[in-house]
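Novice: sharing a model prediction with you, sequence too.
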Amino acid sequence: MMSLKKDYEHILFDLDGTLTDSGPGIMNGFEYAMRKMGMDVPDRSSLRRFVGPPLGVSWEETLGFPPEEAQKGIAFYKEYYAEKGVYENEVYSGVRELLSELRSHGKKLYVATTKAEPMVEVVMDHFGLRDFFSGIAASNNVDRINKIDVIKYILEECGVTDTEKAVMVGDRHYDITGAQHFGLDSIGVLYGYGNREEMEKAGATYIADTVGDIAKIIL
């Protein structure tokens, strides 16, 4: 759904599936953890559903584990991901150019992700993304767990009070509904791990097929 373009000053980005293609590492981590938990691993394509949601949602709601067992699965996942999975990742083509262009137009950029804070620090440094951003909000497993939590944190931490001047960019419905919670517009991207049906159902303000389309929408 399209609306009249606004002069956005604050651009919030999801990380996994939006800035970087972290899917291979996440799926490998789930495959490793599921085997450790004694599970049969389904077809590889079915693991795509785990790219984006918080780990607790994936293990408790999607896989059906009670909280205590879910924590065991999460621990196995983190064991793999910290050593290997975080590096099985790459910045999407065109993203660095997009971030540079937005910065050159005076936009302030932020990361709002439910990825664990230590892993976000690794990604931002390893791939040289940190300097593009004015603020980073990630999951700390205490008071920043879901997308609403991290968006709330970045808005407050960076003093973003005029939500009509802010827009959230992400590839899953969590990004869209999280933005709506605070009255933010949203850009649902289709090159990540969501799809058009998911974006439209969630009520994305705009839909971007490519990284280049994000610049066209904002600028």
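Specialist: Perfect, I can see it now. Residues are numbered from 1 along each chain as shown.

Novice: domain boundaries for the chain, per the record?
Specialist: Taking automatic domain parsing as the reference, the chain has its domains at 10-22+91-218, 23-87.

Novice: hmm, Ala215 is touching Leu98, no?
Specialist: Yes. Counting by Cβ atoms under 8 Å, Ala215 sits close enough to Leu98 to count as a contact (5.6 Å). Bear in mind the C-beta positions are built from the backbone N, C-alpha and C, glycine included.

Novice: more neighbours: the two, which one.
Specialist: Higher neighbour count among Ala215 and Leu98: Leu98, with 23 against 17, using other Cβ atoms under 10 Å.

Novice: contacts only, for the more buried one.
Specialist: Residues near Leu98 by Cβ atoms under 8 Å, 6 or more residues apart in numbering: 211-212, 214-215.

Novice: now with 7 Å, please.
Specialist: 211, 214-215 (Cβ atoms under 7 Å, 6 or more residues apart in numbering).

Novice: so where's this protein shaky on pLDDT?
Specialist: Filtered on pLDDT under 70, the chain yields the residue ranges 1-5.

Novice: so where's the longest helix in it?
Specialist: When the chain is parsed with DSSP state H, its longest helix is helix 67-83.

Novice: list the buried ones in stretch 191-208?
Specialist: Buried positions in stretch 191-208, judged by neighbour count with 16 or more other Cβ atoms under 10 Å: 191-194, 198-199, 202, 204-208.

Novice: mind checking the end-to-end distance for that stretch?
Specialist: Start-to-end span of stretch 191-208 (Cα to Cα, to the nearest Å) is 8 Å.

Novice: same deal with stretch 59-77?
Specialist: Termini of stretch 59-77 sit 10 Å apart (Cα to Cα).

Novice: and stretch 87-106, by the same measure?
Specialist: End-to-end span of stretch 87-106 (Cα to Cα): 31 Å.

Novice: what about that stretch, distance to the chain center?
Specialist: Average the C-alpha atoms of stretch 87-106, do the same for its chain, and the two points are 15 Å apart (Cα atoms, centre = their mean, to the nearest Å).

Novice: also stretch 12-29?
Specialist: 7 Å.

Novice: in CSV, could you pull the C-alpha coordinates for that stretch?
Specialist: Written as CSV, here are the backbone C-alpha positions of stretch 12-29 (Å, rounded to 0.1, in the frame of the first residue of the first chain):
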residue,chain,number,x,y,z
LEU,A,12,15.3,2.6,11.3
PHE,A,13,16.7,-0.6,9.8
ASP,A,14,16.2,-4.2,10.7
LEU,A,15,19.5,-6.2,10.4
ASP,A,16,19.0,-9.8,9.4
GLY,A,17,17.3,-10.1,6.0
THR,A,18,17.4,-6.3,5.5
LEU,A,19,21.0,-5.1,5.8
THR,A,20,22.7,-8.5,5.7
ASP,A,21,21.9,-11.9,4.3
SER,A,22,22.4,-13.8,7.6
GLY,A,23,20.1,-16.7,6.6
PRO,A,24,22.8,-19.3,6.0
GLY,A,25,24.3,-18.9,9.5
ILE,A,26,21.0,-18.8,11.2
MET,A,27,19.7,-21.9,9.4
ASN,A,28,22.9,-23.7,10.0
GLY,A,29,22.6,-22.8,13.7
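
Novice: run through the residues that contact Lys72.
Specialist: So Lys72 contacts Met37 (Cβ under 7 Å, 6+ apart).
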